[in-house]
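Colleague: sequence plus predicted model, see below.
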Amino acid sequence: MIVASPGGSPMNQSFIIYIIQNMLLISLFTLVLFFIGRRVPLKAGHAWRKWLWAVLAVRLLLPVPVSVKLPVPENAAGAEEETEYSAGGSGEEAEAVPAKAASGDTAAGPEGYAARPEGSAGAGGYGRRAMEWLYMHRVTLAVIWAAGALFFLRFRLSQYLHTRKIYLETARPCEDPQVLRTVRDAAKSCRLFFVPEVWVQEEIKSPMLFRYWRPCILLPDESYDAGELTMVIRHELTHAAKKDLWYKLLIVAVCDIYWFNPVFRLMKQSAFQDVEYVCDEKITGDMDPRERSAYGEAILKTTDASRTGKGALTARFASDRGLVRKRLENLFVSRNRTAGPALSAVFAAVFAAGMLAVPWEGQASGASAVRPSDPPAQEKPAEEEEKEPPAWDRIVSRRADAMYGVTAEQEREMQSYIEEFHVKMEFAAGTGMLEDLQDPDSVAWNYFFETGDVLIGGNMEMTDQGEQWFPLRYHNEYSLEDHLETLERFKGYVQGERLKTDFDRMILCVKEIREEKSVDAVVLLHELLHDLDIYFLRYGTISAIGQTVGENSEEYYGILRVYED
């Protein structure tokens, strides 16, 4: 019994494909935002880009399919009924029939594997091959990804615990009343719901904010004048008010989950810089040039060449030397209050347009994304004439001669097996699989070479979530070796030499399929099995659909030697 199905829901079967598509689109958007954003005038500020990085990061962490349904246009009401191509018996002609009416008149086979015109989109090519490869190796890829993600998770936890141990366990509480008063005033100014703790750490050279929940301020063991102290404290508490440590953690989480994608390292680099730019812009927004100059001098004073703080775990007042020049330039630029929001709106609209799938309302979930209106004409050569099936008396006579000595039990065994083998080959030769078999590396060859539940292809289909890839699986009970053994056994049952020759031809076809992946052998084997099943073994019997097999069949190849004179 042939058993096959296209698999479960798109969220189960195609989610990995959807994640990859989502990642590739956001990677492209990241590159555009990274390179174009660097050329945007400084007067636009950096808050717009910082906000967009957060949107991209959240989208990467929550790749939930999104779509918008639009009403069907009036001029589409009279469109042709969606069709799928189904085998028309011979495999040489493909007839377009309504999808709902295709059952019963088509070759049996894995559901969803419809015959299609040569070169049709969505049926073959590199995109489909890539999806088949991803599906076949999904377990291996998942293990590799999980190993990398767990490595980075362990690394981040170890880094955080180590940093907390170094910074907090060796620090002492700050008891300077001026510092504590400045912190209270700055916390009120930044509208924090708590007053952060202040610790003095002798090992650091730059003030920093540390700890995610109720962050604290770490100060180096050195003195600041009143103006510098106010700027330093306001800078760190502005980071706290904007939840910048959580923002950095979000960006780092994306980079660690998508550790194999180097593009997101650019996102991290740019997002961390934007954190400092936005903080500086917030603090210096109401300052005059003299105050901004003093703020810049405070940055220069605390800047050091060493990377003292852990970038993902802290927010420091100082920057590495490479960023200091850009921060200082940014201090003395007058802002255009409308430029930033306008840029945010433009980039957000472009991103939303890229993410949304817009299927028409009423388009059936699971409908084929390939909707050819007319099958290609595949006419037989003019010189090839239709062959008339043998008359009833000739069939009875030849069957009596060829099956002489075959027991009733052996005949039933042959009839059942040849019928099932014929149905399998009818599907292979009469649908789009024959096109896929032209490629010796196609997974369609699993139909012959693998046993059990095997992948034989896949279809791109339109669902409510947009295009999804559905794998096509097939339950294969017999290997080619099993077929060879069975055909050899049947050959031994019969006494007629012509029928033995037909079994020899089928055996040779199976061997050519096994050794050469011959498509011609697939076609010939199908024709031999078709005529042997319909016009010899089962001729005159009642089929499953209530028709007399053979008498009402529209196709006869006429290649059996058993009917030759």
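Modeller: Structure's in. What do you need?
Colleague: how far off centre is the helix or strand that contains Ala349?
Modeller: Per DSSP states H and E: Ala349 is located in helix 339-355. Relative to its chain's centre, helix 339-355 lies at 25 Å (Cα atoms, centre = their mean, to the nearest Å).
Colleague: stretch 408-426 now?
Modeller: Average the C-alpha atoms of stretch 408-426, do the same for its chain, and the two points are 41 Å apart (Cα atoms, centre = their mean).
Colleague: secondary structure class for Trp199?
Modeller: For Trp199, the assignment made with DSSP: H, G, I helix; E, B strand; the rest coil gives strand.
Colleague: tell me the contacts of the residue lying closest to it once chain neighbours are set aside?
Modeller: Distances taken as Cβ to Cβ, 6 or more residues apart in numbering put Ala171 closest to Trp199, at 4.0 Å, once the chain neighbours are dropped. No exception for glycine: its C-beta is placed from N, CA and C like everyone else's. Ala171 makes contact with Trp199, Val200, Gln201, Leu218, according to Cβ atoms under 8 Å, 6 or more residues apart in numbering.
Colleague: hmm, which two among those are most spread apart?
Modeller: Farthest-apart pair in the contacts of Ala171 is Val200 and Leu218; separation 7.8 Å (Cβ to Cβ).
Colleague: on that earlier part again, where is pLDDT lowest across the contacts of Ala171?
Modeller: pLDDT across these is lowest for Gln201, at 89.
Colleague: count of neighbours near Ala186?
Modeller: When neighbours are counted by other Cβ atoms under 10 Å, Ala186 registers 25.
Colleague: same deal with the one 5 residues further on?
Modeller: A count of nearby residues for Arg191, using other Cβ under 10 Å, gives 8.
Colleague: residue ranges for the helices of the stretch 51-200 of the chain, please.
Modeller: Along the stretch 51-200 of the chain, counting by DSSP state H, counting those that start in this stretch, helices occupy 125-136, 138-168, 177-189.
Colleague: separation between Phe152 and Trp145?
Modeller: To Trp145, Phe152 is 11 Å away according to Cβ to Cβ, to the nearest Å.
Colleague: quick check: Ile217 touching Leu209?
Modeller: Yes: with contacts counted by Cβ atoms under 8 Å, Ile217 reaches Leu209, the gap being 6.1 Å.
Colleague: what do these two both touch?
Modeller: Common neighbours of Ile217 and Leu209 (Cβ under 8 Å, 6+ apart) are Pro196, Glu236, Leu237.
Colleague: coming back round to it: more crowded one of Val200 and Leu218?
Modeller: Ranked by neighbour count (other Cβ under 10 Å), Val200 and Leu218 place Leu218 first, with 26 against 18.
Colleague: avg pLDDT for the helix holding Ala349?
Modeller: Rounded mean pLDDT across helix 339-355 is 78.
Colleague: then stretch 278-297?
Modeller: Per-residue scores along stretch 278-297 average to 88.
Colleague: can you show me the helices along the stretch 401-550 of the chain?
Modeller: Going by DSSP H, counting those that start in this stretch, the stretch 401-550 of the chain shows helices at 408-430, 433-436, 446-449, 480-493, 497-516, 519-532.
Colleague: give the buried residues for the longest one.
Modeller: Spelled out, that is helix 408-430. 410, 413-415, 417-430 (16 or more other Cβ atoms under 10 Å).
Colleague: what is the rounded mean pLDDT of that helix?
Modeller: 86.
Colleague: go on, stretch 391-400?
Modeller: 82.
Colleague: report the distance from it to the chain centre.
Modeller: When distances are taken as Cα atoms, centre = their mean, stretch 391-400 is centred 56 Å away from the chain's centroid.
Colleague: same question for stretch 511-530.
Modeller: Distance, centroid of stretch 511-530 to centroid of chain: 34 Å (Cα atoms, centre = their mean).
Colleague: any idea of the mean pLDDT for it?
Modeller: Stretch 511-530 comes out at a mean pLDDT of 91.
Colleague: what do you get for stretch 303-320?
Modeller: 58.
Colleague: buried stuff in stretch 211-229?
Modeller: Those would be Arg211, Pro215, Cys216, Ile217, Leu218, Leu219, Pro220, Tyr224, Glu228, Leu229, for stretch 211-229 by 16+ other Cβ under 10 Å.
Colleague: pull the distance from stretch 169-180 to the chain's centre.
Modeller: 53 Å.
Colleague: check the closest residue to Pro289 other than its chain neighbours and give its pLDDT.
Modeller: Nearest non-adjacent residue to Pro289, counting by Cβ to Cβ, 6+ apart: Phe332, 7.0 Å away. With respect to pLDDT, Phe332 scores 81.
Colleague: pretty sure Trp246 belongs to a helix, no?
Modeller: Yes: assigned with three-state DSSP, Trp246 falls within a helix.
Colleague: please name the residues that touch the residue nearest to it when sequence neighbours are not counted.
Modeller: Of all residues not flanking Trp246 in the chain, Tyr212 sits nearest, at 6.3 Å (Cβ to Cβ, 6+ apart). By Cβ under 8 Å, 6+ apart, the residues touching Tyr212 are Leu245, Trp246, Leu249.
Colleague: how close does Tyr212 sit to Asp274?
Modeller: Tyr212 sits 19 Å away from Asp274, taking Cβ to Cβ as the criterion.
Colleague: check Leu229 too.
Modeller: Taking Cβ to Cβ, one finds Leu229 at 26 Å from Asp274.
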